[in-house]
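[1] Quick one, what's the 3D model for this:
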Amino acid sequence: MDYKKQIAQSIVKALDDKLEEQAVYEKIEVPKTVNLGDYAFPIFILAKTLHKAPQMIAKDLVDQINQTNYEKVEAAGPYVNFFLDKNTFSDEVLQTVLTQNSHYGDATVGNNGKVPIDMSSPNIAKPISMGHLRSTVIGNSLANLLTKTGYQPVKINHLGDWGTQFGKLIEAYKLWGSEEEVKADPINKLLEYYVRFHKEDKDHPELDDEARKWFKKLEDGDDEAIQLWQWFRSVSLQSFKRIYDKLGITFDSYKGEAFYNDKMDEVVQILEDKKLLKESQGAEIVDLDKYNLNPALIKKTDGATLYITRDLAAAIYRKRTYDFVQSLYVVGAEQINHFKQLKAVLKEMGFDWSDDIHHIPFGLITLNGKKLSTRSGRVVLLDKVLDDAIDLAKQQIQSKNPDLKNADQVAHEVGVGAVIFHDLKNERMNSFDFDLNEVVRFEGETGPYVQYTRARAESILRKADHKVTVADLKLSDPNAWETLKFLQAFPETVLRAVREYEPSIIAKYALHLAKSFNQYYANSKVLVKDDQLNSRLALVQSVSIVLEIALNLLGVQAPSEM
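    Next up, the predicted model:
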């Protein structure tokens, strides 16, 4: 039930329709403390119209409001505070959650519209580092949220599988590599060759010439070059997939940069036909002065295309293939200007659907306050972090619950979930420092804390051995009130997370719900056999359901025992 709507209607009726319902609805607030009610309406909006002091208007309005549906309505200075009827509220909320179960919070706002999400996108022949975590888990959570609200997300791993680095890699492999070494440890060996190339070419600049020749061969379709490139790509993907499997993340497409090689000529042709290309110092650009942006460099002086040319081809391909209602790019904040240019060039090309493209930027992960960097050796491998997190979770589970069945599986769900949750509880644009010992804790604002709370709820239900019936779920216990209000707020919370492309809204919600439930459990005797037992267990079951949904939306598992 939309209680804000009910309150707005009560106010409009009492005012004899002097205000529009939507205008009232938008002004209704949630007070900071429970003694000020569950909702409040500020009177300032009426002061000019009624030519009275706000305090007087508030008192008059309280006298006019039909209070049948409320516990009480009272004036407090320039506010009218509404206290909801707790019995009706608890009955409606618990019945709704238990009846809808895993579908609680579902919405149809997306109308089955397709939404490609460009996410993760590691470079071939390089390991997936912690630097790739944010794009991967933010993109995956957004896909889950979009599915929940009626969209059809398309998760695209736009692999870095083309460019001059492949000429360097092929040359390095030909000089120092072996098939046996690569087969035994693909990513680390390929990276080793690549790093060695960069060390050697300082004293042997002729290596760069050889690398350029190999990349030219690759572009021209030379059999050996293509064969090596395909092999490097294949073994890299196998390695990547192992990490994605650990994270529980899948993709709908692995079309990377190479896929768009034959699609860039059309982009250049459209730009030429529309007379958008201009020459600047031998290069070809699109002037974006009217957007207050630097020129978009489409072709370098040697005729080579750039990232933006490829991204233009990709955007056009995705529109034709998916006819998207939105197209998301989950890429670091340092690329904000690039995506502004991309949208502006598409707009100049006559593609108004460029307005449906959204860059979803995010901040950095740092380690001891320093940016992660492959070149300076501050690279932290994601695979190792996940393994370490699982080990830490296993140690804590063994100390807390040594007889737990499926302990290894639970340790995996808790360890990996901790890493994902820690990333997503931070607002996208905020950078954060990563400390594994802080991440895999069962107390505090962590994923394991939320998982443990949900497992505790399941444990209570098992111990009660009582089948909850969905009838007459009036819960008069004042300790339950905050938890009930959090449960009721979940559907709107999901919609807000989608509107703002912000998974942290769900993570913070899960923490608040878990905390309020733990406070309730600490202050109320849930398993006492009285006439409220069924209602209390309905609350416990509802909390378990909603915490599981919230965790799953983040891409985190919810074990029933811990």
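
[2] Show me what V154 is bridged to.
    P116 (DSSP bridges).

[3] so it sits right up against D323, yeah?
    No - here V154 does not reach D323: they are 11.1 Å apart, not a contact under Cβ atoms under 8 Å. No exception for glycine: its C-beta is placed from N, CA and C like everyone else's.

[4] shared neighbours, those two?
    By Cβ atoms under 8 Å, 6 or more residues apart in numbering, V154 and D323 have these common neighbours: K114.

[5] These two: who's more crowded?
    Using other Cβ atoms under 10 Å, the more surrounded residue of V154 and D323 is V154, with 21 against 10.

[6] give the contact list for the residue nearest to I308 when sequence neighbours are not counted.
    What sits nearest to I308 in space, not counting adjacent residues and going by Cβ to Cβ, 6 or more residues apart in numbering, is A296, at 5.4 Å. A296 sits next to 285-286, 288, 308, 341-342, 344-345 when contact means Cβ under 8 Å, 6+ apart.

[7] redo that, cut-off 6 Å
    The contact partners of A296, by Cβ atoms under 6 Å, 6 or more residues apart in numbering, come to 286, 288, 308, 341, 345.

[8] So among these, where is pLDDT lowest?
    When those are compared by pLDDT, I308 scores lowest at 94.

[9] since we're on it, how many residues are nearby?
    Residues near I308, counting by other Cβ under 10 Å: 18.

[10] Go through stretch 178-194 and flag the buried ones.
    By neighbour count on 16 or more other Cβ atoms under 10 Å, the buried set for stretch 178-194 is 181-182, 186-187, 189-191, 193-194.

[11] now, among the residues you listed, which is nearest to I138?
    I187 (23.3 Å; Cβ to Cβ).

[12] State the helix or strand in which the closest one lies.
    helix 186-200 (DSSP states H and E).

[13] list the helices and strands that helix packs on?
    Contacts defined by 3 or more Cβ pairs under 6 Å, 6 or more residues apart in numbering; DSSP states H and E place helix 186-200 against helix 165-176, helix 223-247.

[14] Let's see that with 8 Å instead.
    In terms of contacts (3 or more Cβ pairs under 8 Å, 6 or more residues apart in numbering; DSSP states H and E), helix 186-200 is packed against helix 165-176, helix 179-184, helix 206-219, helix 223-247.

[15] do you know which of those helices lies nearest S90?
    helix 223-247 (37.8 Å).

[16] after the closest one comes which helix or strand?
    helix 264-273.

[17] domains for this structure, by residue range?
    Following automatic domain parsing, one gets these domains for the chain: 3-84, 114-261+311-359, 382-554.

[18] per-residue confidence for K255?
    96.

[19] What distance do you get for L277 to P295?
    The spacing between L277 and P295, counted by Cβ to Cβ, to the nearest Å, is 11 Å.

[20] let me fix that: D388
    Distance, D388 to P295, by Cβ to Cβ: 46 Å.

[21] Likewise for F432?
    35 Å.

[22] what do you get for P559?
    For P559, the distance to P295 equals 54 Å [Cβ to Cβ].

[23] ditto for E257
    Between E257 and P295 the computed distance is 22 Å (Cβ to Cβ).

[24] So which of the two has more stuff around it?
    Of the pair E257 and P295, E257 is the one with more neighbours under other Cβ under 10 Å, namely 20 against 16.

[25] partners of the worst-scoring helix or strand of the chain on mean pLDDT, with directions?
    Within the chain, no helix or strand scores below strand 370-371, which has a mean of 75 by mean pLDDT, DSSP states H and E. Paired neighbours of strand 370-371 in the sheet (DSSP bridges): strand 365-367 (antiparallel).

[26] Show me the contact partners of the strand it pairs with.
    130-131, 133-134, 372, 378, 380, 423, 431-434.

[27] Can you add mean pLDDT and give the helices and strands packed on helix 186-200 back as CSV?
    Compiled in CSV, the helices and strands packed on helix 186-200 are given as follows (pLDDT from 0 to 100):
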stretch, mean pLDDT
helix 165-176, 95
helix 179-184, 93
helix 206-219, 93
helix 223-247, 96
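
[28] looking at those, which is buried most?
    Here the criterion is mean neighbour count by mean count of other Cβ atoms under 10 Å, and of these the winner is helix 165-176, at a mean of 21.

[29] Next, the angle helix 206-219 makes with that one.
    Put simply, helix 165-176 runs at 120 degrees to helix 206-219, going by axes from the mean of the first three to the mean of the last three Cα atoms, to 10 degrees.

[30] Report all helices and strands that helix 165-176 contacts.
    Judged by 3+ Cβ pairs under 8 Å, 6+ apart, the packing partners of helix 165-176 are helix 186-200, helix 206-219, helix 223-247.

[31] circling back: quick one, which of the helices and strands packed on helix 186-200 is nearest to H359?
    Smallest distance to H359 across these (Cβ to Cβ): 23.0 Å, for helix 223-247.

[32] can you list the domains of the chain in JSON lines and add distance to T96?
    Listed next are the domains of the chain as JSON lines, based on distance: least, Cβ to Cβ, whole Å:
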{"stretch": "domain 3-84", "distance to T96": "12"}
{"stretch": "domain 114-261+311-359", "distance to T96": "16"}
{"stretch": "domain 382-554", "distance to T96": "8"}
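
[33] I'm done for today, thanks for sticking with me.
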